[in-house]
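Enquirer: Below are the sequence and a predicted model for it; my questions follow.
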Amino acid sequence: MTQTIEQREKTAGPQARVDTWLADFEGALAARDVERAAAMFATDCYWRDLVSFTWNLKTLEGRDAVAAMLRATLDEIDPSGFRTSEEPSEGGGVTEAWIEFDTAVGRGRGQLRLKEEGAWTLLTTLYELKGHEEPRGKGRPRGAEHGANRERETWSEKRVREAAELGYAAQPYALVVGGGQGGIALGARLRQLGVPTIIIDKRGRPGDQWRSRYTSLCLHDPVWYDHLPYLKFPENWPVFAPKDKIADWLESYTKIMELNYWTNTEATSARWDEGTREWTVEVERDGQPLVLRPKQLILATGMAGKPNVPAFPGMDRFRGEQHHSSAHPGPDAYAGKKVVVVGSNNSAFDICGALWEKGADVTMVQRSSSHIVKSDSLMDIGLGALYSEEAVASGMTTEKADMVFASLPYRIMHEFQIPLYDQMRERDKDFYDRLEAAGFDHDWGDDGSGLFMKYLRRGSGYYIDVGAAELVANGDVRLVGGQVKELTADSVVLQDGTTLPADLVVYATGYGSMNGWAADLISQEVADRVGKVWGLGSATTKDPGPWEGEQRNMWKPTQQESLWFHGGNLHQSRHYSLYLALQLKARFEGIPTPVYGLQEVHHLS
């Protein structure tokens, strides 16, 4: 008696089960039998596609969404060659497999999770375009031109010529505004893909974004999480890199990767020309005006927008110093001074800790609850399986770790995070008891899912404790809760009448949406057309619904043609720069890129 597909899968081992599913799935796609393909997914299913099927970053939830996407894209994408790239595994009723496949124009990788009912999660990603592969491995450039040639142009001469011509005699195809880790990572990808690109930054040296911050700043994420594309940190690199060490690394990276990086350059205005399908961007380079005409404009100004500087009554009459945390120079000048830090997240804690170490009298004003996780616990429980020395020793690569992280749809990611933070809560119970006894208003996120979900949903509301939280817990840094009513000539006054004498007030009050940069550079109309940048639409605190399924407007097409946003932490800058670079490369080469499910606008900022 002939077995059904479902019966065969039940009795087969993991490899056979996956092979059967992939073969049947490919057969359905080849026959353009959308209903049959969608029926191969579980009722509760998630297909996350990074560019390969949708020319977008898009998550399909449920069979109907899968079917709708396939109807719209199959003829253009023409997928084939689905296969495993390593032996599948099985556990807890789920079969997991790493897969590869082809499309009409590119090659893809992904991850499949099968349950008894069918595919539970599917990740598909584009990693290269056929005929436009990066020059690596056997395709690496020769470097030297052997033989005798009186017209020979050396490597250095080519670099000098390119630097002299690009932006003047020749226009860049892509202009990246912002030369931090995001702009640098994207610039490196585009360089390898042969897309003429200029990165501009108003500062004097690559890495000055880090050098200019407060002196105690260091990365809170561990080294294994923070590599840049192509060039990993050396094996003796510190786990948590100090800011100036990161700055020097970024500066060296721009030289090694031969990026066209313009320092002392500021974009003053930009406008899109519907007729020529290009941007007109006015810049000042070393004080000289210049007009650039790129086809693609990328704002790589970080995941945060402009600093949120509050407007408290009396700020104009305060006689001491006051500044936003982004402009804080460090603690050295404030020994013996009374300092009030308004805020209770990452920057606030770092600044409070550094000021205390220099002998300042520090008070933290907590206006709303924050989530704190101890760094060691986050590393061991939250990151250890993917980004750690133990993970490396077990064979985990950065690239595979990135794919594992990407394979979990945002809709259900919190379900995987909650148990981890439950473990951290138990492990560090004494710490949390002392912190809350000191009056700190602590939370674990709206649903107990902790730091990563807070970061993805709102980009704020947390601190990775590298020591400063202990100062609050034991009272070395005074803590007061409440809202600021006003400033006097020499104090900060809270709504309940509490008066805090101050020589310095630091506003660690966060940042706005990235589309604020678009409003300043282009227009408010374009910023509103694009809408809010960052967040998932989770309907949790500071992340209003409706549900959007992916990060708003990040690394993908926006409602403004040829305007893109790129940034995030070092992990995101590394991983998602690939998908943004491939989207730009395809457009540069004239490859059709019909976008499925273009981001809708529900919130302006």
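Expert: Sure, I can see it. Small disclaimer: the values here were computed from a predicted structure and weren't measured.
Enquirer: where in the protein is pLDDT low?
Expert: Applying pLDDT under 70 to the chain flags the ranges 1-11, 303-305.
Enquirer: I'd assumed Gln181 was in contact with Pro577.
Expert: That one is not Pro; residue 577 is Ser. No. If you go by CB atoms under 8 Å, Ser577 and Gln181 don't touch, sitting 9.6 Å apart. Glycine gets a C-beta too; all of them are placed from N, C-alpha and C.
Enquirer: residues in contact with the closest residue to Val404 other than its chain neighbours?
Expert: Leaving aside its sequence neighbours, Val404 sits nearest to Leu386 (CB to CB, 6 or more residues apart in numbering; 5.9 Å). Residues in contact with Leu386 (CB atoms under 8 Å, 6 or more residues apart in numbering) are 396, 401, 404-405.
Enquirer: Show me which of the residues you listed is closest to Glu61.
Expert: Distance to Glu61 across these (CB to CB) is lowest for Phe405, with 18.8 Å.
Enquirer: For the contacts of Leu386, work out which two are farthest apart.
Expert: Met396 and Phe405 (11.4 Å).
Enquirer: re earlier: taking the contacts of Leu386 one by one, which sit in helices?
Expert: Counted as lying in helices by DSSP state H, out of the contacts of Leu386, are 401, 404-405.
Enquirer: Show residues contacting whatever helix or strand Trp249 lives in.
Expert: Assigned by DSSP states H and E, Trp249 belongs to helix 243-256. Residues outside helix 243-256 that contact it (CB under 8 Å, 6+ apart) are 179-181, 184, 187-188, 199, 205-211, 213, 215, 217-219, 228, 231, 233, 238, 241, 261.
Enquirer: name the helices or strands packed onto the lengthiest strand in the chain?
Expert: In the chain, with assignment by DSSP state E, the single longest strand is strand 118-129. Here strand 118-129 touches helix 14-30, strand 41-50, strand 106-115, helix 398-406, helix 570-588, going by 3 or more CB pairs under 8 Å, 6 or more residues apart in numbering; DSSP states H and E.
Enquirer: ok, how many other residues are close to the residue lying closest to His571 once chain neighbours are set aside?
Expert: Here the nearest residue to His571 in space, its sequence neighbours aside, is Tyr225; by CB to CB, 6+ apart that works out to 5.1 Å. With neighbours defined by other CB atoms under 10 Å, the count for Tyr225 comes to 21.
Enquirer: Would you confirm that Tyr225 contacts Leu383?
Expert: Yes. The pair formed by Tyr225 and Leu383 meets the contact definition of CB under 8 Å, at 6.4 Å.
Enquirer: hmm, back to that, restricted to helices, list the contacts of helix 243-256.
Expert: 181, 184, 187-188, 208-211.
Enquirer: Report the buried members of the contacts of helix 243-256.
Expert: 179-181, 184, 187-188, 199, 205-211, 213, 217-219, 228, 233, 241, 261 (16 or more other CB atoms under 10 Å).
Enquirer: on that earlier part again, give me phi/psi at the residue nearest to His571?
Expert: The phi and psi values for Tyr225, taken as degrees, to the nearest 10, are phi -90, psi -10.
Enquirer: so what's it up against?
Expert: 383, 387, 569-571.
Enquirer: Give the buried residues for the helix holding Trp249.
Expert: 243, 245-251, 253-254.
Enquirer: Nearest to Gly497 among the residues you listed?
Expert: Distances from Gly497 to the buried residues of helix 243-256, taken by CB to CB, are shortest for Lys243, at 38.5 Å.
Enquirer: Distance from stretch 262-278 to the middle of the chain?
Expert: 24 Å (CA atoms, centre = their mean, to the nearest Å).
Enquirer: Between the two ends of that stretch, how far is it?
Expert: End-to-end distance for stretch 262-278: 20 Å, by CA to CA, to the nearest Å.
Enquirer: rewinding a little: the longest strand of the chain to strand 106-115, inter-axis angle?
Expert: 160 degrees (axes from the mean of the first three to the mean of the last three CA atoms, to 10 degrees).
Enquirer: strands paired with strand 118-129, and their directions?
Expert: strand 41-50 (parallel), strand 106-115 (antiparallel) (DSSP bridges).
Enquirer: what comes into contact with the last one?
Expert: Residues lying outside strand 106-115 but in contact with it, judged by CB under 8 Å, 6+ apart, are 9, 17-18, 21-22, 42, 52, 79, 85, 93-102, 119-130, 403-404, 407, 582.
Enquirer: and with 6 Å instead?
Expert: The contact list for strand 106-115, computed with CB atoms under 6 Å, 6 or more residues apart in numbering, reads 42, 52, 94-101, 120-130, 407.
Enquirer: Ok, stretch 275-290 next?
Expert: Contacts to stretch 275-290, defined as CB under 6 Å, 6+ apart, come from residues 175, 262, 264-272, 291-295, 297.
Enquirer: On the three-state scheme, the spatially closest residue to Pro294 that is not a sequence neighbour is what?
Expert: With sequence-adjacent residues excluded and distances taken as CB to CB, 6+ apart, Pro294 is closest to Leu175, at 3.9 Å. Under the three-state scheme (DSSP: H, G, I helix; E, B strand; the rest coil), Leu175 adopts strand.
Enquirer: What segments of the stretch 401-550 of the chain are strands?
Expert: Per DSSP state E, counting those that start in this stretch, the stretch 401-550 of the chain has strands spanning 462-465, 478-481, 484-487, 491-494, 499-501, 504-507. These are given in chain order.
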